[in-house]
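# quick one, fold the following:
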Amino acid sequence: MLNNQHLMTFKTLVEFKSFTSAAKVLNLTQPAVTQHIQKLEKELNQQLVIRQGKGVLMTSAGERLYCYINKVFDEYQNFRCAWDKSSDSAKKVGSA
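Next up, the predicted model:
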């Protein structure tokens, strides 16, 4: 099963285009970011990024994963919003 923290690390790495920047944003060490990406690549059996100088480029597999991650996070946000609304309604009903 894919690790959520590793997925968030990958998403952040792609968005900031740097292992160092991703580490700072996530409050991790650069080796931890590298390890997360390596674990994802091993689990998916695909290279996800290519180091280019101080930056990174996504491979086609990385682009697919990034698209899926964004869909999952969008759905999670939709769920939280709907859940919070229904929880607020339940609290109002229960307190009346």
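
# tell me what the biggest helix by length in the chain is packed against?
Longest helix in the chain by number of residues (criterion: DSSP state H): helix 60-95. When contacts are defined as 3 or more CB pairs under 8 Å, 6 or more residues apart in numbering; DSSP states H and E, helix 60-95 packs onto helix 4-16, helix 30-44. Where C-beta positions appear, they are placed from N, C-alpha and C, glycine not excepted.

# now the element after the longest one, going C-ward?
This points to helix 30-44. Remark: after helix 30-44, the chain's next helix or strand is strand 49-52, criterion DSSP states H and E.

# what residues of that following strand count as buried?
If you call a residue buried by 16 or more other CB atoms under 10 Å, then strand 49-52 has these buried ones: Val49.

# that strand pairs with which strands, parallel or anti?
strand 55-58 (antiparallel) (DSSP bridges).

# in the strand it pairs with, which residues are buried?
Buried, per 16+ other CB under 10 Å, within strand 55-58: Val56, Met58.
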